[in-house]
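Student: Sharing a sequence plus its predicted fold:
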Amino acid sequence: MLVAGLALAVGSAAPAFAQGDVIAERRAGFRMLGQTMEAFTQAVNQRGDTRALAPRVDQMIAFINSLPNRVPTASLTPPQPQGTNEGQTRALAAIDADRAGFATRASNAATAFAALKVAAEAGTVTADTLRTVGGTCGACHQPFRAR
């Protein structure tokens, strides 16, 4: 009885998104990531203080941690051809073929964003810091996003 209740509670905690909602949420999340990284880049280039940007990194980490759940699996939606633009998405079907690799890359990005936050709070973000974070983004884009 307790196990059934726990399974029901866990099952209901997972959000169910319609295909369009997931795509819109992903696009908004990636837009937020890009805008925040651009703000960091401007601050670093102008030798500004990055401490005020540190709280924004929490949103970046939360989005990246949720990303594996924001890409429907082939069992939830009809598989799309690689590089499809249906629903304004560039997510490749390769994600379904390598869910573990996709989740690992998202985790690596979250770790890099956490390091960015520490550096931002200390006011020590450099171009190298941003390149490292950007590298974790690119590591996911190359195999899982159409150009």
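Tutor: Sure thing, it's come through. What you see is a predicted model, and the numbers here were worked out from it, not measured in a lab. Residues are numbered from 1 along each chain as shown.
Student: Next, name the residue at the spatial heart of the protein.
Tutor: Centroid-nearest residue in the chain: Ile64, 2.9 Å away (criterion: C-alpha atoms, centre = their mean).
Student: Please, which helix or strand holds it?
Tutor: helix 54-66 (DSSP states H and E).
Student: could you pull out the strands for this protein?
Tutor: Ranges of strands in the chain, per DSSP state E: none exist.
Student: And the pLDDT at the spatially closest residue to Thr129 that is not a sequence neighbour?
Tutor: Counting by C-beta to C-beta, 6 or more residues apart in numbering, Thr129 lies nearest to Ala119, which is 5.2 Å off, once chain neighbours are set aside. Yep, even glycine has a C-beta here, placed from its N, CA and C like the rest. pLDDT, Ala119: 97.
Student: can you pull the contacts of Ala119?
Tutor: 50, 125-126, 129 (C-beta atoms under 8 Å, 6 or more residues apart in numbering).
Student: most neighbours, which of those residues?
Tutor: Comparing these by number of neighbours (other C-beta atoms under 10 Å), Val125 comes first, having 26 neighbours.
Student: What distance do you get for that residue to Leu116?
Tutor: 7 Å (C-beta to C-beta, to the nearest Å).
Student: if I look at the two, which residues touch both of them?
Tutor: Jointly contacting Val125 and Leu116 under the rule C-beta under 8 Å, 6+ apart are Phe40.
Student: Show me which helix runs longest in this structure.
Tutor: Criterion DSSP state H: the longest helix present in the chain is helix 19-45.
Student: For it, name the packing helices and strands.
Tutor: helix 54-66, helix 127-144 (3 or more C-beta pairs under 8 Å, 6 or more residues apart in numbering; DSSP states H and E).
Student: can you pull the buried residues of the first one?
Tutor: It refers to helix 54-66. For helix 54-66, a neighbour-count test (16 or more other C-beta atoms under 10 Å) marks 54, 56-57, 60-61, 63-64 as buried.
Student: again, but for stretch 112-131
Tutor: In stretch 112-131, counting by 16+ other C-beta under 10 Å, buried: 112-113, 116-117, 119-120, 125, 129-130.
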